[in-house]
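Student: my questions concern the predicted model and sequence given below.
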2 protein chains.
Amino acid sequence: MGTAATRLAPLPQAPVVCDYREIAARKQADRENSLAKYSEWRVKDPGSSVTDVSDLLLSKLSAVERQIVSKDATDLVADIAARKYTAVQVLTAFCKAAVASQDLTNSLTEIFFEEGFERARQLDQILEQTGKVVGPLHGLPVSIKDHIFVKGKDGATGYASWAYKTVADHDAAVVKILREAGAIIYVKTANPQTLLALECNNNIYGRTVNPYNRSLTSGGSSGGEGALIASHGSPLGVGTDIGGSIRIPCAWNGLYGFKPSVARLPHTGLGGSHDGMDNIVGCVGPMATSARDLNLFCKVMLQYEAWFVEHQNLYIEWRSEVAEQGKGLPKKLVVGILADDGVVAPHPPIRRALDNARKALVAAGHEVIDYIPMDHQASWDLIVKLYFLDGGAEYFETLAESGEPAIPSFEWIVSHAQGRAPYTIAEMFKLNVEREKFRARAHAHWNASAKQTTSGRPVDVILTPIAPTLAAPHDSVRWWGYSSYWNLVDYPAAVFPLGRLRAADWVETSADALPEPRNDTEAFIRSQWNPETYDNAPISLQVVGRRHMEEKTLACLNIVEQAIKEYESK
Amino acid sequence: MGTAATRLAPLPQAPVVCDYREIAARKQADRENSLAKYSEWRVKDPGSSVTDVSDLLLSKLSAVERQIVSKDATDLVADIAARKYTAVQVLTAFCKAAVASQDLTNSLTEIFFEEGFERARQLDQILEQTGKVVGPLHGLPVSIKDHIFVKGKDGATGYASWAYKTVADHDAAVVKILREAGAIIYVKTANPQTLLALECNNNIYGRTVNPYNRSLTSGGSSGGEGALIASHGSPLGVGTDIGGSIRIPCAWNGLYGFKPSVARLPHTGLGGSHDGMDNIVGCVGPMATSARDLNLFCKVMLQYEAWFVEHQNLYIEWRSEVAEQGKGLPKKLVVGILADDGVVAPHPPIRRALDNARKALVAAGHEVIDYIPMDHQASWDLIVKLYFLDGGAEYFETLAESGEPAIPSFEWIVSHAQGRAPYTIAEMFKLNVEREKFRARAHAHWNASAKQTTSGRPVDVILTPIAPTLAAPHDSVRWWGYSSYWNLVDYPAAVFPLGRLRAADWVETSADALPEPRNDTEAFIRSQWNPETYDNAPISLQVVGRRHMEEKTLACLNIVEQAIKEYESK
């Protein structure tokens, strides 16, 4: 690989080549080049027979470095501020693991450790000289999903067609604030071609795999972030989500992830197809190793008055007293458990996790009701129409530029629209009306949950799976209904980990029996169930709150996690 | 007119007639019928030679009733709660003036005083029996613009084609909250055909005229509200604004009006063309006789947790401490004066009002800078594209249903789009990108005003005209740039009155000289200037704040008004 790195010089300008294979070779060579200086950190791939690489990932790290990468962002910024570690020391530890992550999971795109170390040295010096941190994230390494603008870096967004043509001339708003807060930007991470996939695969770099089981996907579209953070190659990452793209890779890599309501966090400065499509809008959010880091990220963004940094950010200050102290929350929550969305039943380990959570919540004195699912199939039918208003035309035009084929997961999703003409403006208005009616009904449905509760209040949050399966075998994701539903209605949703499935320990009981398939999708997903397939895969659940109530959602996540911990410690 | 009322019975069902003239005759007859019971309150029209009818409007009111209708909503709810007046007494006073307003300005559409009195009696009883008000608007009559849903009432929205077909099966969210808060809904008010006009004229009822000078328009599209409230026929009205439709009729009728950012106040339940068009979105807002009533309205809406009432409302509580006490505001404001938008210079009385305000602000110790206008012509060119994405097709289809002709002001605005094909989806995406780039530039432009100020802070608010003319002669509005600009960027904006032009007292000086016209629009508007034309017309200005900073905008309005009052009293 070192040979490839020197054979092809990096191209500062857009190359004249247009075949995607040549572009891919050049991009991969560039990436190799950027690692040339760190050859001693590289890890030899043990071969595909080794599926769990989680231990290998830390093989180049010292004991102190392992300690560092095991900490969450909240601890790290405190430790750096307290001079327990220097920023350089912290960055070194994460870069070592990031190199291993690249070698074993293929998670990285643009690598610029040098710039990171330069900034780390500056920050260490400032702290030494002034005794003060530059901001609340002083010295914290933060990784960035490929399609988010980082000034001077390419943002090919998984399109071979875009490589070298998408060097950002400015930082995305989120990156700008991160830098001001003292974070160190040092690496960009893989996303799938088109971004419209819950897996991570593209024609530039190929597939990003799951560090816990490489025969499974790292999820998507923020799959590079998912694999990297799970590899301890980053303590905190920035993802984006329009159908599950933060939550799925977090869930499938055992991380915490948060999709806020649209525009609650700054989200200008993103590359991607369909620029100007605002019929369904994505958002930026944190991917992390603790629930409190989700809060930290949001708090910092709004502390820097994101509404003055970009024009789209909602002017709603971060209600820390709610998110951190649960101010205004009832003593006992009402939690709605949405166990089955009426389309695809979740696999047994997910159902067990939910059952366990239910018992834990009841044991802690909270009220638990069954939240009645409302039209998840209809929500999917509607959101795919919104994804492909132009019938998929722009995507295919972009692919054609370099002659690259569609990845399988995009082929699958775009098949929903293929053969259909682009909507007219009048049809688009009607589709928006349909969307607003759906949202209105979902809103009324939540209000109506009050009728089911003894308290007479509607549920505070919903607890639900994030997907019907654990991390999926490659190219096999077929149901987005547990994640994309909350994008359609624009509700904040967080995922959190609950251990991993050990196939060897799994004993199936009659309680695990899956229902008769209600449709082809469910039949397919049901047929996938086999504990061996998902061995070592993380198990996660999702907490969903009401629109713009990010703080309450995170506060409830804390309460739910606490209840589960207490229940399990008994 | 009484004859017409009995000749045609009201039609409870959609009639089979389709010619607009017959529909208009029936609707007018219905309206007459609904006033049959109040014949003693009717006022004889003195003929078109009497242009100022403001005194006549109160001719049927007793001294106490005149006192009542001279009060603002804040005082009225306090007086009713303190049992100074009964709700029935208050409603009677406003209904009397409303009837006069109908007779002299043609401001009403659906009239249902009976229901109002029924509710008023209930409310009086509740207060008498319990000693408690049902809510903060207990007993306050509130008028509603025609296209806002009021359960059981028609909402023809100025289309003869829609009459009798648009009886609402539910209340708009704003009406729902008003009722809960104790307000009395008793009348709906005229808006122009299509809503896309800053005048008020339609083929059902004809023109709504300005009570201060009936040869001038009452403004639009909330022109019925403007005329009614100025007639003392309502203390508080609900309007909507997508290009100036609250602010223009408020300004031209000497009222206070507030256009908040989109979705800051509840805005579901509106009739209108282009349902589902969200490329440029309108909003609901108050029209009132005092600045504090604007605050009262917003406060009540959000006190009733509008985000739980409808799904679109932003979850941002009303920051009363900012709006009412100016919490967090700097001791001395920085006010940017945008005196000329670079396209059409305002007429002399408006310039004088601005000059006077500038002196007053400086005298009060505030910092005043000239706010540099940014691309008002481009903002107009862009927003009319967004208004007519389908080339105007849907509007014309609706008109065709009853064979009604377009009103002149709609003919003028739609001429911007005529002959153009509807946009494709891909073109629409590009237009949205253009819109977002414009918004981003306007946002950066505001931030950059910091470079002009001695404090180093950007301006707190902008003080600017709301239009280049006072209330326009009928069918002559040609420039929306001072109002629609703030819809495009989605900034809150309030208008407030500064007296009236008295043609007899007007002495033109060289300082009033208008510049050489820079374009045809300016040439036309310049040619309109003649103090006689605008005799008795109210003079107003506009205060503009930053997105979602409704409270700060209103707080600054208070400060600006205070400074002007102090200056003038010296």
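Tutor: Cool, got the structure.

Student: how about the top helix by length along chain A, which residues are buried there?
Tutor: When chain A is scanned for its longest helix (criterion: DSSP state H), the result is helix A:425-448. Residues of helix A:425-448 classed as buried: A:425-426, A:428-429, A:431-432, A:434-436, A:438-439, A:441-443, A:445-446 (neighbour count, 16 or more other CB atoms under 10 Å in any protein chain shown). For the C-beta atoms, the positions are set from N, CA and C on the backbone; glycine is no exception.

Student: show me which of those neighbour chain B.
Tutor: The overlap between the buried residues of helix A:425-448 and the neighbours of chain B (CB under 8 Å from any CB of the partner chain) comes to A:Ile425, A:Ala426, A:Met428, A:Phe429, A:Leu431, A:Asn432, A:Glu434, A:Glu436, A:Arg439, A:Ala442, A:His443.

Student: which strands or helices does the host helix or strand of A:Arg179 pack on?
Tutor: Taking DSSP states H and E as the definition, A:Arg179 sits inside helix A:173-180. On a contact count with 3 or more CB pairs under 8 Å, 6 or more residues apart in numbering or on different chains; DSSP states H and E, helix A:173-180 meets strand A:184-189, strand A:236-241, helix A:291-303, helix A:306-309.

Student: adding distance to chain B, write those out as a markdown table.
Tutor: Below are those laid out as a markdown table (distance: least, CB to the nearest CB, whole Å):
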| stretch | distance to chain B |
| --- | --- |
| strand A:184-189 | 22 |
| strand A:236-241 | 17 |
| helix A:291-303 | 13 |
| helix A:306-309 | 7 |
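
Student: want to try CSV for those, with mean pLDDT and mean neighbour count as columns?
Tutor: Listed next are those as CSV, based on pLDDT from 0 to 100; neighbours: other CB atoms under 10 Å in any protein chain shown:
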stretch, mean pLDDT, mean neighbour count
strand A:184-189, 98, 28
strand A:236-241, 98, 29
helix A:291-303, 98, 23
helix A:306-309, 98, 20
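
Student: give me the residues contacting the helix holding A:Arg179.
Tutor: With contact meaning CB atoms under 8 Å, 6 or more residues apart in numbering or on different chains, helix A:173-180 is reached by A:134-135, A:137, A:142, A:144, A:148-151, A:171, A:185, A:238, A:265-269, A:284, A:300-301, A:304, A:306, A:309-310, A:313.

Student: returning to that earlier point: so what touches the longest helix of chain A?
Tutor: For helix A:425-448, the surrounding residues in contact (CB under 8 Å, 6+ apart) are A:279-280, A:372, A:374-375, A:378-379, A:382, A:385-386, A:389, A:423, A:458-459, A:488-490, A:546, B:268, B:274-278, B:308, B:310-312, B:389-390, B:393-394, B:422-425, B:428.

Student: and if you look at stretch A:513-526?
Tutor: When contacts are defined by CB under 8 Å, 6+ apart, stretch A:513-526 is touched by residues A:Gly342, A:Val343, A:Val344, A:Ala345, A:His347, A:Pro348, A:Gln377, A:Pro468, A:Thr469, A:Arg478, A:Trp479, A:Trp529.

Student: ok, of those residues, which come out buried?
Tutor: When neighbours are counted using 16+ other CB under 10 Å, these contain these buried positions: A:Val343, A:Val344, A:Ala345, A:His347, A:Pro348, A:Gln377, A:Pro468, A:Thr469, A:Arg478, A:Trp479, A:Trp529.

Student: between those, which is nearest chain B?
Tutor: Taking CB to the nearest CB as the measure, chain B lies nearest A:Gln377 of those, at 20.3 Å.

Student: since we're on the residue of the stretch 51-200 of chain A found nearest chain B, how many residues are nearby?
Tutor: In the stretch 51-200 of chain A, no residue comes nearer to chain B than A:Ala173, which is 10.1 Å away by CB to the nearest CB. For A:Ala173, the neighbour count with other CB atoms under 10 Å in any protein chain shown is 25.

Student: repeat that for A:Leu61.
Tutor: Neighbour count of A:Leu61, defined by other CB under 10 Å: 21.

Student: any idea how far the nearest residue to it once chain neighbours are set aside is from B:Val90?
Tutor: Distance criterion CB to CB, 6 or more residues apart in numbering or on different chains; nearest residue to A:Leu61, sequence neighbours excluded, is A:Lys96 at 5.3 Å. Distance from A:Lys96 to B:Val90, counting by CB to CB, to the nearest Å: 76 Å.

Student: next: A:Met277.
Tutor: To B:Val90, A:Met277 is 50 Å away according to CB to CB.

Student: looking at the two, which is more packed in?
Tutor: A direct count of neighbours by other CB under 10 Å for A:Met277 and B:Val90 places B:Val90 higher, at 26 against 23.

Student: excluding chain neighbours, give the residue nearest to A:Tyr212 in space.
Tutor: Per CB to CB, 6+ apart, closest to A:Tyr212 is A:Asn536, 4.7 Å.

Student: wait, a helix at that neighbour?
Tutor: No: assessed with DSSP: H, G, I helix; E, B strand; the rest coil, A:Asn536 is coil; it does not lie in a helix.

Student: for A:Ala183, give me its contacts.
Tutor: Contact partners of A:Ala183, counting by CB under 8 Å, 6+ apart, are A:Leu137, A:Leu140, A:Pro141, A:Val142, A:Leu236.

Student: phi, psi for it please.
Tutor: phi -70, psi 160 (degrees, to the nearest 10).

Student: returning to that earlier point: show me which pair in the contacts of stretch A:513-526 is furthest apart.
Tutor: A:Pro348 and A:Gln377 (22.3 Å; CB to CB).

Student: for A:Phe496, what is the enclosing helix or strand?
Tutor: Using DSSP H and E, A:Phe496 falls in strand A:493-500.

Student: packing partners of that strand?
Tutor: With contacts taken as 3+ CB pairs under 8 Å, 6+ apart, strand A:493-500 sits against helix A:247-252, strand A:256-259, helix A:291-303, helix A:348-363, strand A:538-544, helix A:550-569.

Student: and the helix or strand that it is followed by, what's buried?
Tutor: Beyond strand A:493-500 on the C-terminal side, the first helix or strand identified by DSSP H and E is helix A:520-528. Residues A:Thr521, A:Glu522, A:Ile525, A:Arg526, A:Gln528 are the ones in helix A:520-528 that count as buried (16+ other CB under 10 Å).

Student: what of stretch A:324-334?
Tutor: Neighbour-count burial for stretch A:324-334, counted by 16+ other CB under 10 Å, picks out A:Glu324, A:Gly326, A:Leu329, A:Leu333, A:Val334.

Student: residue contacts, A:Ile316?
Tutor: By CB under 8 Å, 6+ apart, A:Ile316 lies in contact with A:Arg264, A:Leu302, A:His548, B:Leu314, B:Tyr315, B:Ile316, B:His548.

Student: hmm, I typed the wrong one, I wanted A:Gly257.
Tutor: Neighbour list for A:Gly257: A:239, A:246-247, A:249-251, A:285-288, A:294, A:494-495 [criterion: CB under 8 Å, 6+ apart].

Student: point out the residues in the stretch 151-300 of chain A that sit beside chain B.
Tutor: Residues of the stretch 151-300 of chain A found near chain B (CB under 8 Å from any CB) are A:Thr268, A:His274, A:Asp275, A:Gly276, A:Met277, A:Asp278, A:Asn279.

Student: for A:Met428, see how far away the last one is.
Tutor: Computed with CB to CB, the distance linking A:Asn279 and A:Met428 is 7 Å.

Student: what touches both of the two?
Tutor: Contact criterion CB under 8 Å, 6+ apart; residues shared by A:Asn279 and A:Met428: A:Leu389.

Student: noted, bye for now.
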